[in-house]
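>>> Any chance you can model this:
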Amino acid sequence: MNATIQRFGKYQVLRILGQGGMGYVYEAMDPNLKRKVALKTMMQGLVNDPSLRARFLREAQAAGSLKHRNIVTVYDLGEDQGQPFISMEYIEGTDLENVIQRRVSYPVEWKMRVLRQICDGLGHAHRNGIIHRDIKPANIRVTPEDEVKIMDFGIAHLQAPTQLTKGGQVLGTVHYMAPEQVEGHKVDHRVDIFAVGVIAYELLAFRRAFDGESLTSVMFKIAHEDPDRGALPQTAYSPRLEQIVMKALARKVEERYQTLEEMRDDLAMLLGDAPPEGDVRPDPTQVSRWVAEGERELNAGEPAKALEYAKRALAMAPADHAAQTLARKAEADALGRRVERELMALRGETAQARQAGHLQKALTLAQRLHELDPDDQETVRMMSEIQTEITTIEIEQLCGLALSYAAENETGLALKIAAKIEKLDARSPKYLELKRYLDEEAGRNAADALVSTAREHLSIGNIPEALAAAEEALHACPRHPVALEIKMRAARVLATRRQAVPASQAPTAVSSQRNPPLSPSAARTHTPPPAPPIDKPPLRPTTPARQPAVPSLRPQTAPPIDKPPLRPTTPA
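Take a look at the predicted model:
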C-alpha cells in the first residue's frame with residue numbers, strides 16, 4: 001500500500017482503509033465541509049489503461065446518479081497528478097462478510113430486515129438502469145443504526161449499447177455469480193437478484209450456497225446444481241423464508257424473482273412489519289444491560305456465557321463498541337481455556353509416547369506444545385532431552401554400521417559414517433571409541449603396507465632400507481609383531497657387519513700353555529713383551545675391485561684362525 005500519500009486534491013488523507021479490485025480506499029477529511037469521506041483511488045499501474053480508466057469513471061457516474069438511503073452517496077470525482085479518485089460517503093459499522101465469518105447468532109428478524117433493505121437499495125438502482133453485478137457480503141455495510149449501505153459499484157453496467165466486457169468475459173465474484181453469468185450468456189438485472197439469494201443463504205446457514213475445491217467446480221455447481229435446502233435452519237418463519245431464498249436462487253431466469261421489489265414485499269409480509277422507514281431502532285438501555293451482564297460473567301470465569309450476552313447485544317446493535325469489545329474478550333478468554341486444555345492433553349500424550357519409546361512422535365508433540373506456549377521452560381527442557389535420546393540412539397546405530405564396514409575392510413565407508421557421527425555429537429563416548437578403533441585400524445593397515453616393503457628389501461639384501469621401513473611401520477603401529485621381528489633381525493645383521501674385520505688383521509693366537517696365566521700379584525708387576533711385527537704380504541698387481549657378495553640374513557662369523565703346531569713338551 002502507498003502509505004506515503006498525504007493528500008488527494010483538497011482531501012487530507014488520514015489512513016488506509018483497504019484495497020479494492022482497482023485501487024486503494026482511504027479515510028480522508030474534507031477541509032471545507034469538515035466531514036470524513038472515503039476516497040477510492042485507481043492504482044498507478046492501471047491509470048494508463050484506457051478501458052480500465054473508463055470503467056473507473058463509469059463507476060463514479062453510476063453511483064453518483066443514485067440517491068437512496070441504502071446506497072453509499074458519491075460526493076465528488078477528481079484527479080490528482082493524473083490519478084483519478086472518487087470521494088464518497090464514509091460509513092461506520094460492519095460488513096456482512098464479517099457477520100458471516102464470525103457466525104454471530106443474530107435474530108432471524110434482524111437478518112430479514114437487512115435483506116429487505118438490500119432489495120430496496122438495489123431495486124432503486126435497477127429502476128435507474130444500473131446493474132451492480134458484484135453484489136457480495138463484503139460490499140454491504142450495516143451502520144450502528146442498523147441501516148444497510150450498498151457499496152462499490154465497481155463493475156456497474158449501464159443498460160446501454162456500450163459493452164464493458166469483451167468476448168464473453170465474465171466479471172464478478174465467482175461464488176455470487178448467476179448461472180447465465182457463468183455460462184457467458186447475456187445478462188440483465190436478475191443476476192443481482194440471484195446474488196442477493198446467495199447472500200441470504202449464507203446469512204441464514206453460515207455456509208456457502210455453492211462451494212467446491214476449485215473455481216471450476218464452483219461454477220459447475222452454479223450452472224447445474226441447486227443449493228442444499230436442508231442446510232437452512234428451521235425458524236418461526238419456516239418454510240416460507242426458505243421458499244423466498246430458493247426462489248431468488250432459481251437457476252432458470254424466468255423462475256426467479258423478476259424484480260427485487262417482489263422479494264422485498266415477500267420479506268415484509270412475512271415479517272408483518274411496516275415499510276423500511278418504520279424499522280425498529282435498537283434499545284441502547286437493553287444493549288448496555290446485556291453488556292454489563294456479559295462482563296460480570298466474564299469476571300466470574302464464564303467466557304461462554306459472557307459471549308452469549310455479547311451476541312445478544314450485537315444482534316440488536318452490531319456496531320456497538322462495548323458489545324464488540326466484550327465479544328473479543330470473551331472469545332479470547334474462551335480460546336485461552338481451550339488452549340490450556342489442549343496443552344494438558346498434549347503433555348500427557350508426550351509423556352506416554354516417550355515412555356513407550358516412540359521418541360519421534362514424542363518430539364513432534366513437544367514441538368506442538370512449544371508452539372502453543374513458547375515461554376514454557378519445562379517444554380524446552382523436555383524437547384532437549386528427547387532430542388538427545390534420539391541422537392544417542394542414532395549414534396549407536398551408525399557406530400554399529402561403521403564397525404561392520406570396517407570389519408569388511410571398507411574403511412572409507414566407515415570413515416564417512418564416522419564424519420556424520422561427529423556432526424551429530426563430537427563428544428559422544430561411542431563416537432570417541434569408534435574413532436580410536438578406526439585410527440588404530442588405519443595404523444595397522446599402514447604398518448602392514450610398510451612391513452611388506454621391508455620384506456622386499458630384505459629379500460634383495462637392502463638391510464638399511466628394510467630397517468627404516470620396519471621402524472616407520474612401528475611408528476604407525478608400535479606393537480606390530482612382524483615389524484618388530486624385521487627390525488631386530490636387520491639390526492643384528494648391520495651390527496655383525498660393523499664388527500667384522502679382514503682375516504689378515506686378526507691377532508695371532510697364543511697357546512695357553514706357552515703363555516700361562518699370571519698370578520694376580522705378578523700381573524700387577526709384569527710388563528708384556530712387545531708384539532711381534534706383522535709381515536706384510538707382497539704387493540700384487542692392481543686389479544679392479546670386486547663387489548662384495550649379497551649377505552644372507554644369517555649373522556656372519558669370522559673365519560677360524562689357524563693355530564701354530566704344538567711343540568714337544570720338554571722338562572723345564
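
>>> Output the below-cut-off pLDDT ranges for the stretch 451-572 of the chain.
501-572 (pLDDT under 70).

>>> Low-confidence regions, the stretch 301-450 of the chain specifically.
Using pLDDT under 70, the stretch 301-450 of the chain has no residue that qualifies.

>>> Break down it into its helices, ranges please.
303-316, 321-355, 359-372, 377-407, 411-424, 429-459 (DSSP state H, counting those that start in this stretch).

>>> Distance to residue 109 and mean neighbour count for the ones you listed - can I get that in JSON lines?
C-beta coordinates here come from the backbone N, C-alpha and C atoms, glycine included. As requested, those are exported to JSON lines (distance: least, C-beta to C-beta, whole Å; neighbours: other C-beta atoms under 10 Å):
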{"stretch": "helix 303-316", "distance to residue 109": "9", "mean neighbour count": "22"}
{"stretch": "helix 321-355", "distance to residue 109": "18", "mean neighbour count": "15"}
{"stretch": "helix 359-372", "distance to residue 109": "41", "mean neighbour count": "17"}
{"stretch": "helix 377-407", "distance to residue 109": "49", "mean neighbour count": "15"}
{"stretch": "helix 411-424", "distance to residue 109": "67", "mean neighbour count": "15"}
{"stretch": "helix 429-459", "distance to residue 109": "74", "mean neighbour count": "16"}
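
>>> Relative to residue 73, which of those helices is closest?
helix 321-355 (24.3 Å; C-beta to C-beta).

>>> Would you format the helices of the stretch 301-450 of the chain as a markdown table with distance to residue 292 included?
Converted to a markdown table, the helices of the stretch 301-450 of the chain look like this (distance: least, C-beta to C-beta, whole Å):
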| stretch | distance to residue 292 |
| --- | --- |
| helix 303-316 | 8 |
| helix 321-355 | 9 |
| helix 359-372 | 33 |
| helix 377-407 | 39 |
| helix 411-424 | 61 |
| helix 429-459 | 67 |
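
>>> Which one, of those helices, ends up nearest to residue 101?
Of those, nearest to residue 101 by C-beta to C-beta is helix 321-355, at 12.7 Å.

>>> tell me how far that closest one is from the chain's mean position?
From the chain centre to the centre of helix 321-355 is a distance of 24 Å (C-alpha atoms, centre = their mean, to the nearest Å).

>>> got it, and stretch 118-132?
48 Å.

>>> List the buried residues for that stretch?
118-126, 130-132 (16 or more other C-beta atoms under 10 Å).

>>> got TSV for those residues, with secondary structure too?
As requested, the buried residues of stretch 118-132 are exported to TSV (DSSP: H, G, I helix; E, B strand; the rest coil):
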residue	secondary structure
118	helix
119	helix
120	helix
121	helix
122	helix
123	helix
124	helix
125	helix
126	helix
130	strand
131	strand
132	coil
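
>>> Am I right that residue 17 is in a strand?
Yes: checked against three-state DSSP, residue 17 lies within a strand.

>>> How about it, nearest residue that isn't a chain neighbour?
Among residues not flanking residue 17 along the chain, residue 25 sits closest, at 4.5 Å (C-beta to C-beta, 6 or more residues apart in numbering).

>>> Which other helices and strands does the strand or helix carrying the one you found contact?
Assigned by DSSP states H and E, residue 25 belongs to strand 24-30. Applying 3 or more C-beta pairs under 8 Å, 6 or more residues apart in numbering; DSSP states H and E, one finds that strand 24-30 makes contact with strand 11-19, strand 35-41.

>>> Show me which of the ones you listed has the highest average neighbour count.
strand 35-41 (a mean of 20; mean count of other C-beta atoms under 10 Å).

>>> contacting residues around stretch 101-113?
99, 146, 200, 203-204, 206, 235-237, 241, 267, 270-271, 273, 279, 311, 314-316, 318, 327 (C-beta atoms under 8 Å, 6 or more residues apart in numbering).

>>> Stretch 247-257 now?
178-180, 190, 193-194, 196-198, 200-201, 209, 222-223, 226-227, 263.

>>> What subset of these is buried?
Buried, going by 16+ other C-beta under 10 Å: 178-180, 190, 193-194, 196-198, 200-201, 209, 222-223, 227, 263, out of the contacts of stretch 247-257.

>>> which of the residues you listed lies closest to residue 296?
Among these, and counting by C-beta to C-beta, the member closest to residue 296 is residue 200, at 35.9 Å.

>>> residues in contact with that closest one?
111, 115, 244-245, 248.

>>> Could you look up the SS state of it?
Going by three-state DSSP: residue 200 is helix.

>>> Next, find the distance separating it from residue 387.
Using C-beta to C-beta, to the nearest Å, residue 200 is found at 55 Å from residue 387.

>>> what's the answer for residue 432, then?
Counting by C-beta to C-beta - residue 432 and residue 387 are separated by 20 Å.

>>> And for residue 427, the neighbour number?
7 (other C-beta atoms under 10 Å).

>>> in the stretch 1-150 of the chain, which ranges drop under the pLDDT threshold?
Short version for the stretch 1-150 of the chain, where the test is pLDDT under 70: 1-5, 20-22, 44-48, 59.

>>> run the last query once more with 90
Applying pLDDT under 90 to the stretch 1-150 of the chain flags residues 1-28, 30-35, 37-68, 72-95, 102-107, 128-134, 138-139, 143-146.

>>> And the helices in it, which stretches?
Under DSSP H, counting those that start in this stretch, the stretch 1-150 of the chain gives helices at 44-47, 50-64, 96-102, 108-127.

>>> Name all residues that make contact with residue 202.
Here residue 202 is in contact with 100, 137, 208-209 (C-beta under 8 Å, 6+ apart).

>>> no no, residue 175
136, 198, 208-211, 218.

>>> how about those residues in a markdown table, adding distance to residue 418 and secondary structure?
Below are the contacts of residue 175 laid out as a markdown table (distance: C-beta to C-beta, whole Å; DSSP: H, G, I helix; E, B strand; the rest coil):
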| residue | distance to residue 418 | secondary structure |
| --- | --- | --- |
| 136 | 64 | coil |
| 198 | 66 | helix |
| 208 | 59 | coil |
| 209 | 64 | coil |
| 210 | 62 | coil |
| 211 | 57 | coil |
| 218 | 58 | helix |
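
>>> Out of those residues, the closest to residue 66 would be?
Closest to residue 66, out of all of those and judged by C-beta to C-beta, is residue 136, at 18.4 Å.

>>> and the closest one, how far is that from residue 456?
Taken as C-beta to C-beta, the span from residue 136 to residue 456 is 92 Å.

>>> cool, and residue 216?
Taking C-beta to C-beta, one finds residue 216 at 80 Å from residue 456.

>>> ok, now residue 186?
101 Å.

>>> Can you list the neighbours in contact with stretch 351-358?
Here stretch 351-358 has contacts from 359, 361-362, 365, 386, using C-beta under 8 Å, 6+ apart.

>>> pLDDT below threshold where in the stretch 151-300 of the chain?
Checking the stretch 151-300 of the chain against pLDDT under 90 turns up 151-174, 181-187, 211-217, 230, 234-239, 265, 268-290, 293-294, 296-298, 300.

>>> Cross-check the contact I'm expecting between residue 420 and residue 397.
No: taking contacts as C-beta atoms under 8 Å, residue 420 lies outside contact range of residue 397: 11.2 Å.

>>> So what's the residue count around the residue nearest to residue 17?
18.

>>> Now do the contacts for it.
Here residue 25 is in contact with 16-19, 38-41 (C-beta under 8 Å, 6+ apart).

>>> what do you get for residue 480?
444, 447-448, 451, 473-474.

>>> Same check on residue 233?
204-205.

>>> what does the one 4 residues further on give?
Residue 237 makes contacts with 108, 112, 270, as judged by C-beta under 8 Å, 6+ apart.

>>> Buried subset of those as a PyMOL selection?
Of those, the buried ones can be selected in PyMOL as follows, counting by 16+ other C-beta under 10 Å:
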select buried, resi 108+112+270
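
>>> what about the closest residue in space to residue 363 that isn't next to it in sequence, distance to residue 24?
Excluding the flanking residues, the one nearest residue 363 by C-beta to C-beta, 6+ apart is residue 386, at 4.8 Å. From residue 386 across to residue 24, the span is 49 Å (C-beta to C-beta).
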